[in-house]
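Participant: need a structure here:
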Amino acid sequence: MAFSREFIQDIKDRISVSDVVGRKVRLQRRGKEHVGLSPFKSEKTPSFTVNDQKQFYHCFASGKHGSIFDFLMETEGLSFLESVERLANEAGLAMPQRDPRAAEKSAQRANLAEVMTMAADWFNHQLTQTNAEEASAYLQRRGVDAALIKTFGIGYAPSGNAGLVAHLQAKKVPLAQMVEANLATKPDNGGQPYDRFRDRIMFPIKDKRDKVIAFGGRAMQADAKAKYLNSSETPLFHKGSVLYNFSQARQAAYDTGQILVTEGYMDVVGLARGGIMNAVASLGTAITAEQIGQLWQLAPEPIICMDGDEAGLKAAYRVIDRALPLLKAGFSLRFAHLPVGKDPDDIINEQGRDGMNAILSKTKDMVDMLWTRESEIELNSDLAKTYSRYKRITALKRKLRESINSIGDKDVRALYGQEFAKRLANLREVAVGESNNGFEQKKSAKNKGQYKKYKMPVRGASRALLQSSIARADTQWL
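Facilitator: I've put the predicted structure just below:
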């Protein structure tokens, strides 16, 4: 059975070579590559390398070289079809059925991609070669110069109803294809079709092969119904599978060993203006499991940059809940919080690259983020403070256990459990100390002499009880 090039590439993009090879070879990261002992030859010095960026492995000892499919065929004796079936299932992709119209559909997708490129060129022309004064002035105020406009292919959709439609019609593009590409809207009442994007700064959204597949538009008018408007789903574009600027950020991510995730297009452009090129953005929705997998192909601990306000914190917690079931050894997330009311572009404007790097140097890991979230609710909220400290600690333990139980990898789950058990034990120590101090003060006020001889037994019993409780907590955590 023949598979389309797009289908095979989609599997490669979703599953890294190091992930497949790492199940049989103990790999260590060295710079941009992973190295390990050859699975094909007996050796003491590692000569086997894996390059996730280029999506291949190479064995210097045996000369063998290939993709994730080749590795399964070499190490498990699978046929090419069997290796594709296994990895497609792992990637969550349905195997393509034999379709007599497969070639026709592939041609349709290629034609649609050409239309998207035409639209991107037209938008860019409207910004750079026509009198788009307001849009140009806005970008200048944001520090977006001609070089950045070229790098990101930024354009402008004029306010007229059918400028793009007329341009594409002149290029012999069928109206049905414009509608399918989500570039034009056809009224239900049979009226004239009109441009979907009007009076907006346009940001081309590209796939991993650097092909335009969608657009995001930033409204120029303050009273627009939607400040940001993305393309709807099309045969080329599936929002939960794409990160803005992924194709361009990939090389910088490999060079630096890090990838940043921001909230919007202008965040990415602003960081690039400050010389920080390893940034991507989600497309206005919560980060998906597939997007997290893509980020891990670029770096083991992507940094999620969220606004420092309450909304930004809630967004970070949603990312954590999505990531917990996906955690595996060596792969996690870190979180950077900006000052309230500031975005990365503001930081670059006011403090430059050094200011942004200072924020990125103070990131928190997922353990700290989870602890902060649950302890704020269970220990420090107004409702929690109506209960005894011991009850609050017990409630905190319950909530932490719920989070830990959602972690799929048993080794990572155990590590989280051990860390939280230590922190809970420290809380109990403090709680018992406070309780003993309060008891001593009440005793002294009531009758200093009457209870003096019982002082040590009471405190000793309390500490023994505490230590027993902590021991049980440590062994019964998971």
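Participant: where exactly do the strands run in the stretch 251-400 of the chain?
Facilitator: Using DSSP state E, counting those that start in this stretch, the strands of the stretch 251-400 of the chain run over 260-262, 279-281, 303-306, 334-337, 364-365.
Participant: any idea how far the shortest one is from the chain center?
Facilitator: Between the mean C-alpha location of strand 364-365 and the chain-wide mean there is a distance of 14 Å, by Cα atoms, centre = their mean, to the nearest Å.
Participant: And for the first one?
Facilitator: For strand 260-262, the distance between its averaged C-alpha position and the chain's averaged C-alpha position is 7 Å (Cα atoms, centre = their mean).
Participant: any chance of the strands of the stretch 251-400 of the chain in JSON lines, with mean pLDDT and distance to D409 too?
Facilitator: (C-beta placed from N, C-alpha, C; glycine too.) Shown next, in JSON lines, are the strands of the stretch 251-400 of the chain (pLDDT from 0 to 100; distance: least, Cβ to Cβ, whole Å):
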{"stretch": "strand 260-262", "mean pLDDT": "95", "distance to D409": "22"}
{"stretch": "strand 279-281", "mean pLDDT": "96", "distance to D409": "25"}
{"stretch": "strand 303-306", "mean pLDDT": "92", "distance to D409": "20"}
{"stretch": "strand 334-337", "mean pLDDT": "93", "distance to D409": "18"}
{"stretch": "strand 364-365", "mean pLDDT": "95", "distance to D409": "16"}
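Participant: among these, which is nearest K227?
Facilitator: Closest approach to K227 among the strands of the stretch 251-400 of the chain is made by strand 279-281 (14.6 Å; Cβ to Cβ).
Participant: and M220, which of the strands of the stretch 251-400 of the chain is closest to it?
Facilitator: Taking Cβ to Cβ, strand 279-281 is the member of those nearest to M220, at 19.8 Å.
Participant: elements contacting that closest one?
Facilitator: Packed against strand 279-281 by the contact rule (3 or more Cβ pairs under 8 Å, 6 or more residues apart in numbering; DSSP states H and E) you find helix 246-256, strand 260-262, helix 265-273.
Participant: I'd like to know which of the strands of the stretch 251-400 of the chain is closest to F246.
Facilitator: The closest of these to F246 is strand 279-281. By Cβ to Cβ, the value is 5.3 Å.
Participant: Tell me how the chain divides into domains.
Facilitator: For the chain, the domain assignment from automatic domain parsing gives the residue ranges 5-90, 107-237, 246-362, 388-476.
Participant: sorry, back to before: looking at the helices and strands packed on strand 279-281, which has the lowest confidence?
Facilitator: Among these, helix 246-256 carries the lowest mean pLDDT, a mean of 89.
Participant: from the middle of its chain, how far away would it be?
Facilitator: Offset of helix 246-256 from its chain centre (Cα atoms, centre = their mean): 14 Å.
Participant: Which residues does it contact?
Facilitator: Residues from elsewhere that reach helix 246-256 (Cβ atoms under 8 Å, 6 or more residues apart in numbering): 32, 53, 151-152, 206-210, 259, 268, 277-280, 294, 298-299.
Participant: out of these, which are inside helices?
Facilitator: Cross-referencing the contacts of helix 246-256 against helices under DSSP state H gives 151-152, 268, 294, 298.
Participant: Take the strands of the stretch 251-400 of the chain and write them to CSV, including distance to E180 and mean neighbour count.
Facilitator: Shown next, in CSV, are those (distance: least, Cβ to Cβ, whole Å; neighbours: other Cβ atoms under 10 Å):
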stretch, distance to E180, mean neighbour count
strand 260-262, 30, 27
strand 279-281, 25, 26
strand 303-306, 34, 24
strand 334-337, 39, 20
strand 364-365, 44, 16
